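J.: what follows is a protein structure lacking sequence information:
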């Protein structure tokens, strides 16, 4: 499944991306995921979306909403597209995003639907929202399954019977009835703890779980035929039973999408995505094979075009500092599928060290081996750029390496231990003050 790099722009830069277009669809959003505080512009599957942040305006939070380009004659197509987008976004962020209303206008505005627009605020600052590598859904059956999952999650704590029905539709929409029964039977023993516990309770009572969730759940919610079993809104026991069984059908829906349909969420990609994949084509086939097998090579030429490649290094989502715009990569050592790389700026005053773990598909920034060189002439800009970089990485900023013509390669987040990092700008001010004093003493 395609999980491409997704450009993000924040704040004024995000809004500036909308200036050249007239005609926008605006939708109100109800969401369980952490919503961005600042406006975020992203490009996903060939379309633009502006997620309107919940930043404070006076004493109140602004309502979350989404804008996407749309003229009046393409309104239905744009609305359908944005429904598909929020289905994937909610699933990817392990919650739901749904639409509470919409309007069409000449420019991107906000949509407020009081009572349906309660946001969850992202922790970590205005520029921390990240949906990079969100999967693109090309299979129409999977699209439908995600839409039903979106409805089920939204209704989870609003109307449990209808939530149950929506989760069941995820499975029902993918199989004919006989194959659906077989699939459920095969997967009932592979569910999470809460669902597994409920399955055991029903089986202990002599109940056929597959038949139970269809007859006493799906059909009892969907139908109200005279003489048939129904979910009676006035009987608490009926609602209680549906709530208890809801964990099973929800777990089945999620398992289908994750295992059978192969749709990853952000935690799946965190564990499984090969960060080094964009650079595989630069290496020689022999070198790549050796590294992926956990081996090594003696000749640095096995790195192919990576040796001496021009790379920019940035703190996502900001552009690179001037000293980090055109760095050169050089291999230092290689063993166990890991290549240690040094990136030097053009003046060779700053060295950034990286461990490219091709075997595990990870890139690591080696802060303890990075620094300002002491054997060359250093200027204030060197001190400022490196100090800001160093302390920003300690503050969990994402480091990206970009070779023009390929997707950026991101580093694993550094989790500092046994230290309390300084705020980056405070550290910069102190470093510059120390540098100026030392230069004054030299003079």
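T.: Sure, I can see it. This one's a predicted model, so the numbers in the text were calculated from it and none came from an experiment. Residues are numbered from 1 along each chain as shown.

J.: grab the nearest non-local neighbour of residue 381.
T.: With Cβ to Cβ, 6 or more residues apart in numbering as the criterion, residue 381 has its nearest non-adjacent residue at 6.3 Å, and that residue is residue 323. Just so you know, the C-beta spots here come from the backbone N, C-alpha and C atoms, and that holds for glycine as well.

J.: just checking, the one you found touches residue 345?
T.: Yes: counting by Cβ atoms under 8 Å, residue 323 does reach residue 345; the two are 4.7 Å apart.

J.: between these two, what contacts are shared?
T.: residue 382 (Cβ atoms under 8 Å, 6 or more residues apart in numbering).

J.: on that earlier part again, who's in contact with the residue nearest to residue 381?
T.: Contacts of residue 323 by Cβ under 8 Å, 6+ apart are 345, 347, 349-350, 381-382, 385-386.

J.: of these, just the buried ones, ChimeraX syntax please.
T.: Of these, the buried ones go into a single ChimeraX selection, burial set by 16 or more other Cβ atoms under 10 Å:
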select :345,349,350,382,385,386
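
J.: which of the contacts of residue 323 sits closest to residue 100?
T.: residue 385 (44.4 Å; Cβ to Cβ).

J.: and that closest one, that one's in a helix?
T.: Yes: counting by DSSP: H, G, I helix; E, B strand; the rest coil, one finds residue 385 located in a helix.

J.: what about it, distance to residue 379?
T.: Look at residue 385 and residue 379: by Cβ to Cβ, to the nearest Å, they are 10 Å apart.

J.: ditto for residue 174
T.: 62 Å.

J.: mind checking which of these two has more residues around it?
T.: residue 174 (20 against 12; other Cβ atoms under 10 Å).

J.: OK, contacts around the more buried one?
T.: Counting by Cβ under 8 Å, 6+ apart, residue 174 makes contact with 141, 145, 180, 256, 260.

J.: same thing with residue 268?
T.: residue 258.

J.: how much space separates it from residue 254?
T.: 12 Å.

J.: likewise residue 144?
T.: From residue 144 to residue 254 the distance is 15 Å (Cβ to Cβ).

J.: okay, these two: which has more neighbours?
T.: Using other Cβ under 10 Å, the more surrounded residue of residue 144 and residue 254 is residue 254, with 22 against 16.

J.: return the residues in contact with the more buried one.
T.: For residue 254, counting by Cβ under 8 Å, 6+ apart, the contacting residues are residue 149.

J.: check which helix or strand it maps to.
T.: Element membership of residue 254, judged by DSSP states H and E, is helix 236-255.

J.: next SSE downstream of that helix?
T.: Toward the C-terminus, helix 236-255 is succeeded by helix 266-272 as the next helix or strand (DSSP H and E).

J.: for that next one, give the mean pLDDT please.
T.: For helix 266-272, the mean per-residue pLDDT is 95.

J.: which residues of the stretch 301-443 of the chain fall in helices?
T.: For the stretch 301-443 of the chain, helices defined by DSSP state H, counting those that start in this stretch occupy the ranges 380-394, 424-442.

J.: actually the stretch 51-200 of the chain, sorry about that
T.: Counting by DSSP H, counting those that start in this stretch, the helices of the stretch 51-200 of the chain are 75-92, 140-155, 160-172, 177-187, 193-204.

J.: tell me which of these sits most buried.
T.: helix 160-172 (a mean of 23; mean count of other Cβ atoms under 10 Å).

J.: show me what that helix is packed against.
T.: Counting contacts by 3 or more Cβ pairs under 8 Å, 6 or more residues apart in numbering; DSSP states H and E, helix 160-172 is packed against helix 140-155, helix 177-187, helix 220-222, helix 236-255.

J.: what does it contact?
T.: 145, 148-149, 151-156, 180, 183-184, 213-214, 217-218, 221-222, 231, 239, 242-243, 245-246, 249-250, 252-253, 256-257.

J.: below-threshold pLDDT in this structure: ranges please.
T.: Counting by pLDDT under 70, the chain has low-confidence residues at 56-59, 113-125, 224-228, 234, 417-418, 441-443.

J.: would you reformat the helices of the stretch 51-200 of the chain as JSON lines and include distance to residue 65?
T.: Compiled in JSON lines, the helices of the stretch 51-200 of the chain are given as follows (distance: least, Cβ to Cβ, whole Å):
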{"stretch": "helix 75-92", "distance to residue 65": "11"}
{"stretch": "helix 140-155", "distance to residue 65": "16"}
{"stretch": "helix 160-172", "distance to residue 65": "24"}
{"stretch": "helix 177-187", "distance to residue 65": "37"}
{"stretch": "helix 193-204", "distance to residue 65": "34"}
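
J.: tell me which of those lies nearest to residue 405.
T.: helix 75-92 (26.8 Å).

J.: touching the closest one from outside, list them.
T.: 25, 27, 29, 31-33, 44-45, 47, 49, 66, 68-70, 96-99, 102, 104, 131, 134-137, 143, 146-147, 149-150, 153, 257, 263-266.

J.: so for stretch 312-327, what gets flagged as buried?
T.: 312-315, 317, 320-321, 323-324, 327.

J.: nearest to residue 414 among these?
T.: residue 315 (11.8 Å).

J.: quick one: the residue lying closest to that closest one once chain neighbours are set aside from residue 262, how far?
T.: Leaving aside its chain neighbours, residue 315 sits nearest to residue 397 (4.5 Å; criterion: Cβ to Cβ, 6+ apart). For residue 397, the distance to residue 262 (Cβ to Cβ) stands at 31 Å.

J.: again, but for residue 89
T.: 18 Å.

J.: circling back to that earlier point, between the helices of the stretch 51-200 of the chain, which one is closest to residue 291.
T.: The stretch from those with the least distance to residue 291 (Cβ to Cβ) is helix 75-92; that distance is 29.8 Å.

J.: angle of that closest one against helix 140-155?
T.: 70 degrees (axes from the mean of the first three to the mean of the last three Cα atoms, to 10 degrees).

J.: all set, thanks.
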